[in-house]
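Participant: model this:
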Amino acid sequence: MKDKELYLNWLESEKFQSDWVEPYMPSERAFQRLIDVVREYDRLEKPTFVFDGEEAIFIEENALAEMLYAGVLFCNTFDYGDKEINRRNTERENNWMGKTIVLFVNCSDVFAWGCADSEDVTTAELEDLYRHWKTDPIWGIAKWCCFKRNQKPQKPVEEAMKRVGSWDDKLENLGKNG
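Facilitator: Down below sits the predicted model:
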């Protein structure tokens with residue numbers, strides 16, 4: 001609860017507003033919705049799977065909210081626009097059509113020490129990512145990143161995963177690190 005209050009205080013601070021919200025958020029309404037979601041998250045009923053007879057249906061919005069709240073995912077922005085216009089025009093600010101929010105998984109230090117690193121996540125990958133995280137809260141995210149890259153983690157991470165029983169044959173068969 002204390003972390004949540006610290007996070008909300010940071011979100012509402014003037015520095016965050018001037019450094020992040022004004023240049024990157026698409027609208028004040030979208031930012032306010034983010035704050036509302038963080039405030040209300042603990043009170044929401046948030047099933048990630050609902051059952052329709054025998055079939056489990058994945059509710060990606062709820063899983064996404066849970067993973068954002070838990071820090072499994074982080075957001076950034078991405079400029080999008082017409083590549084041909086961008087080649088002809090060197091004034092970048094004037095030729096992008098807009099910005100969008102993109103989601104990433106932090107995999108810093110998984111593949112190399114001291115390396116800020118992340119993997120982007122598509123909506124099609126959310127369920128697999130969610131299942132890895134819930135199955136193995138400690139190493140599930142790192143395992144998902146390894147599978148996405150088809151690459152083993154660096155040796156110290158591999159050894160740590162083996163010590164706690166998170167290593168398996170699928171990881172053993174991935175491509176070599178480095």
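Participant: every contact and neighbour count from this point should use C-alpha atoms.
Facilitator: Will do.
Participant: verify the stated contact: Ser108 with Ala116.
Facilitator: Yes - if you go by Cα atoms under 8 Å, Ser108 and Ala116 touch, sitting 4.7 Å apart.
Participant: what stretches of this structure score poorly on pLDDT?
Facilitator: For the chain, applying pLDDT under 70 flags the ranges 1-47, 49-54, 81-97.
Participant: mind checking the longest strand of it?
Facilitator: strand 96-106 (DSSP state E).
Participant: circling back to that earlier point, tell me which of Ser108 and Ala116 has more neighbours.
Facilitator: Between Ser108 and Ala116, Ser108 has the larger neighbour count (other Cα atoms under 10 Å), namely 15 against 12.
Participant: returning to that earlier point: what is the longest strand of the chain packed up against?
Facilitator: strand 73-81, strand 118-120 (3 or more Cα pairs under 8 Å, 6 or more residues apart in numbering; DSSP states H and E).
Participant: what's the most buried one of these?
Facilitator: Ranked by mean neighbour count, those are led by strand 118-120 with a mean of 16 (mean count of other Cα atoms under 10 Å).
Participant: that strand packs against which elements?
Facilitator: strand 96-106.
Participant: list the buried residues of the strand it packs on.
Facilitator: Across strand 96-106, burial judged by 16 or more other Cα atoms under 10 Å covers 103-106.
Participant: of the residues you listed, closest to Phe147?
Facilitator: Nearest to Phe147 out of the buried residues of strand 96-106 is Val105 (Cα to Cα; 13.0 Å).
Participant: I appreciate the help and will end here.
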